[in-house]
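Asker: just a sequence and a predicted model for now, questions to come.
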Amino acid sequence: MAANPHRGGAGGSLYGGAAPYRSRDGLSTRNAGGSEEIQLRIDPMHSDLDDEITGLTGQVRQLKNIAQEIGSEAKFQRDFLDELQMTLIRAQAGVKNNIRKLNQSIIRSGNNHIMHVVLFALVCFFILYMWSKMFKR
């Protein structure tokens with residue numbers, strides 16, 4: 001690469017005395033009176049800049065559309081997750097309520113159930129006992 005005073009060759013600083021925002025030959029920037037604003041001066045000898053500006057405008061428009069689509073997708077997914085979370089909370093409350101009802105039902109009818117099991121076991125043993133006595137003869 002040849003030494004270019006605008007790019008920082010033998011001219012001294014890295015930017016050759018120009019503002020650090022210099023991008024190519026024909027474009028230069030300067031600070032406007034010490035404020036944070038930047039003024040852009042375009043050299044009319046480089047006519048391809050209009051085409052580049054048009055191309056950049058199209059790219060900026062595409063990026064804007066993509067950003068809007070990303071924003072709408074993020075909103076849709078956030079709403080979907082909120083709805084899913086509410087559904088899970090309702091389902092969890094329903095399961096908790098059903099378990100509570102089942103426990104109450106077991107407590108209420110638990111004694112009766114145990115009595116039925118014990119009675120069934122006694123009847124089975126009695127039948128087996130009688131059966132073994134009949135076939136032992």
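Answerer: Yep, it's here. Here the structure is a predicted model, which means the values were calculated and not measured.
Asker: looking at the helix or strand hosting residue 62 now, give me its mean pLDDT.
Answerer: Element membership for residue 62 (DSSP states H and E) is helix 48-136. The average of the pLDDT scores along helix 48-136 is 89.
Asker: same for it, what does it pack against?
Answerer: Helices and strands touching helix 48-136, by 3 or more Cβ pairs under 8 Å, 6 or more residues apart in numbering; DSSP states H and E: there are none. No exception for glycine: its C-beta is placed from N, CA and C like everyone else's.
Asker: would you mark the buried spots in stretch 49-56?
Answerer: By 16 or more other Cβ atoms under 10 Å, the buried positions in stretch 49-56 come out as residue 49.
Asker: CA atoms only: put it into PDB for me.
Answerer: C-alpha atoms of stretch 49-56 as PDB (Å, rounded to 0.1, in the frame of the first residue of the first chain):
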ATOM      1  CA  LEU A  49     -21.000   8.200  -4.200                       C
ATOM      2  CA  ASP A  50     -24.600   8.900  -5.200                       C
ATOM      3  CA  ASP A  51     -25.000   5.200  -6.200                       C
ATOM      4  CA  GLU A  52     -23.400   4.100  -2.900                       C
ATOM      5  CA  ILE A  53     -25.700   6.400  -0.900                       C
ATOM      6  CA  THR A  54     -28.700   5.000  -2.800                       C
ATOM      7  CA  GLY A  55     -27.500   1.400  -2.100                       C
ATOM      8  CA  LEU A  56     -26.900   2.300   1.600                       C
END
